[in-house]
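Q: model the following, please.
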Amino acid sequence: MDAADALTLATKLDRRLANRRPLVEQRDNYYAGEQRLKYATEEWAKSHAERYRDFSDNWCGVVADSPAERVAVIGFRLDTDSAISRAESQLWSDWQRNDLDAISAQGWLEAFIASRSLALVWGSDDDEPLVTWEHPGQALVAYDPENPRRRVAGVKRWADDDFEYLTLYTPGEVWKWQQERVSTSGLILPAGVQVGGGSWAPRLVDDVWPLPNPLGVVPLVEFPNRPRLGAEPLSDIAGTMAMQDAINLLWAYLFNAADYASMPARVVMGQQPPKIPILDENGQKVGELPVDEKVLKEGRLLWLTGQNTTIGTFPAATLTAFTDVVEVAVGHVAAQTRTPQHYLIGKMANLSGDALKAAETGLVKKADEATLHFTAPVRELFRLMAMVRGDRGAADAARMGTVQWKDRESRSEAQLVDALSKLGQLGVPLRFLLERYGLSDAEVERVMRMREDEALADPALKLASSLISPESPNAAPSGD
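A: So this is what the prediction gives:
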């Protein structure tokens, strides 16, 4: 591939990324609670929409957070051997060194919000794996049409105050460009339109362009949320946004009704509205000015002219009609997104452990589904880290490695310990029980060493060990 072909491919992928970016930004905004008021009539919006511009009863955040808080990688094994190998220890150290416990949590959350996130693996100046998690509005992976699992290219685009940057990743090279940034302040552009300073110019790193790719594969890995055959992966909040708009509007109506109708209003019938006298410089009345209708409305007064004068009141409005509908709408959000109702409505009283488990079954299954689809990309992430270190054996083994995920179910400490105790009585090894308890490989090794140290420090166990040791002069005869 020459430079012209590389730039053609990069700009093609960049246009695809640009078309995706508005939807990603919209979902990010909804997650953050930045939601424009919709569904209001033009007349009502003209009078009141600005008052509630910054208000949001944000359920999109809860829907995305609930599965994300249950997904976490706690270990990675290359084989079924109970002992941790040097390669496994090195890979997990690289994971920790890149702070991927915290950064991957951000990646899972973004995948739930925007339907995908991406991770980039490269080598640092010290030839150690460097992993960064990429926002789906800034990075994109292209796949082979005949083999959708094979990455053929990747592109990343970002900007600073002065320049825009574009990087193309291929199995053989890494092509980098930059161009001056043009301010678009006040200019509204259609979705997908890119504005740059003109043409892309090569961006040299260590006077080399393009950079060789020693990994031999595209180092950009995609984490799709609920991928589908022949279609885009799904966002957990995409279906919630329409109901979120309806809920926000109902609250705006309720606030407006509370402002105008929650207090008794008076009505005056059979009398002309009051007028304000107009006085000259001598204090003499020279005319009258009608009271502003807006002032009367804000004073909860209604004037009806006629012959018979009476004064009455309207009772305060009942606002439960709005809150009842909001509660039903939030219930629909819970059902559609498999989010437990007690996460949303907050009505949880005297629930048994079995009832709580049943209420969270949908969420647990949803988190299980996420880990199922995230497992292959996590394996690829560890494979690339091994390739950066030049450990081809570990890289090959990582293809079939075992990703250890955090337990997605919510259990009390007593329930978990009781279940593990029963498994122990059946003869299940301690190491397996510790893994089921949720300890990482490093923590399991530490507990096993502590257990061995305690056993060696026990005089009774020392004596028993010496009695059965073949090297002991007091050992019983073998019987051979």
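
Q: pLDDT below threshold where in this structure?
A: Counting by pLDDT under 70, the chain has low-confidence residues at 183-198, 260-273, 291-317, 346-353, 412, 460-480.

Q: quick one, phi psi at residue 82?
A: Backbone dihedrals for residue 82, given as degrees, to the nearest 10, come out at phi -70, psi -30.

Q: helices along the stretch 51-200 of the chain, start to end?
A: 60-68, 86-97, 100-114 (DSSP state H, counting those that start in this stretch).

Q: so which elements touch the shortest one?
A: When you say that, I think you mean helix 60-68. helix 3-32, helix 100-114, helix 240-261, helix 341-344, helix 361-388 (3 or more Cβ pairs under 8 Å, 6 or more residues apart in numbering; DSSP states H and E). Bear in mind the C-beta positions are built from the backbone N, C-alpha and C, glycine included.

Q: helices along the stretch 351-480 of the chain, start to end?
A: 353-359, 361-388, 392-398, 413-425, 430-437, 441-457, 459-468.

Q: tell me which of the ones you listed sits most buried.
A: helix 361-388 (a mean of 20; mean count of other Cβ atoms under 10 Å).

Q: off-centre distance for that one?
A: 15 Å (Cα atoms, centre = their mean, to the nearest Å).

Q: got the residue ranges for the strands in the stretch 51-200 of the chain?
A: For the stretch 51-200 of the chain, strands defined by DSSP state E, counting those that start in this stretch occupy the ranges 73-77, 116-123, 129-134, 139-144, 147-159, 163-169, 173-180.

Q: from residue 32, how far off is residue 416?
A: 35 Å (Cβ to Cβ, to the nearest Å).

Q: on that earlier part again, of all the helices of the stretch 51-200 of the chain, which lies closest to residue 37?
A: helix 60-68 (14.9 Å; Cβ to Cβ).

Q: that closest one vs helix 361-388, what angle?
A: 70 degrees (axes from the mean of the first three to the mean of the last three Cα atoms, to 10 degrees).

Q: quick one: helix 60-68 to helix 240-261, angle?
A: Using the same axes, to 10 degrees: helix 60-68 against helix 240-261 is 140 degrees.

Q: which non-adjacent residue is nearest residue 16?
A: For residue 16, ignoring the flanking residues on the chain, the nearest one in space by Cβ to Cβ, 6 or more residues apart in numbering is residue 140 at 6.2 Å.

Q: walk me through the domains of the protein.
A: For the chain, automatic domain parsing gives the domain ranges 264-315, 411-480.

Q: related to what we said a few turns ago, mind putting the helices of the stretch 351-480 of the chain in TSV, distance to residue 123 included?
A: What follows is the helices of the stretch 351-480 of the chain, written out as TSV (distance: least, Cβ to Cβ, whole Å):
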stretch	distance to residue 123
helix 353-359	46
helix 361-388	5
helix 392-398	14
helix 413-425	41
helix 430-437	31
helix 441-457	24
helix 459-468	48
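
Q: which SS class is residue 339?
A: Following DSSP: H, G, I helix; E, B strand; the rest coil, we place residue 339 in the coil state.

Q: show the contacting residues for it.
A: With contact set as Cβ atoms under 8 Å, 6 or more residues apart in numbering, residue 339 has these partners: 62, 63, 66, 333, 362, 363.

Q: now it: how far from residue 236?
A: 9 Å.

Q: overlap in contacts, the two.
A: With Cβ under 8 Å, 6+ apart, residue 339 and residue 236 have common neighbours residue 63.

Q: excluding chain neighbours, what is closest to the most centrally placed residue in the chain?
A: The centroid of the chain falls nearest to residue 109 when counting by Cα atoms, centre = their mean (1.9 Å). Spatial nearest neighbour of residue 109, excluding adjacent residues (Cβ to Cβ, 6+ apart): residue 68 at 4.2 Å.

Q: so the one you found sits right up against residue 105, yeah?
A: Yes. The pair residue 68 and residue 105 passes the contact test of Cβ atoms under 8 Å, sitting 7.0 Å apart.

Q: more neighbours: the two, which one.
A: Per other Cβ atoms under 10 Å, whichever of residue 68 and residue 105 has more neighbours is residue 68, with 21 against 16.

Q: so what's that one up against?
A: If you count contacts by Cβ under 8 Å, 6+ apart, then residue 68 has 105, 108, 109, 112 around it.

Q: same check, this time on residue 441
A: 75, 76, 77, 84, 88, 92, 404.

Q: any idea how far residue 105 is from residue 250?
A: For residue 250, the distance to residue 105 - Cβ to Cβ - is 33 Å.

Q: please identify which helix or strand holds the residue lying farthest from the centre of the chain.
A: Most distant from the centre of the chain: residue 282, at 72.1 Å, with distances by Cα atoms, centre = their mean. For residue 282, there is no host helix or strand (DSSP states H and E).

Q: phi and psi next, for it.
A: Torsion angles, degrees, to the nearest 10, at residue 282: phi -100, psi 0.
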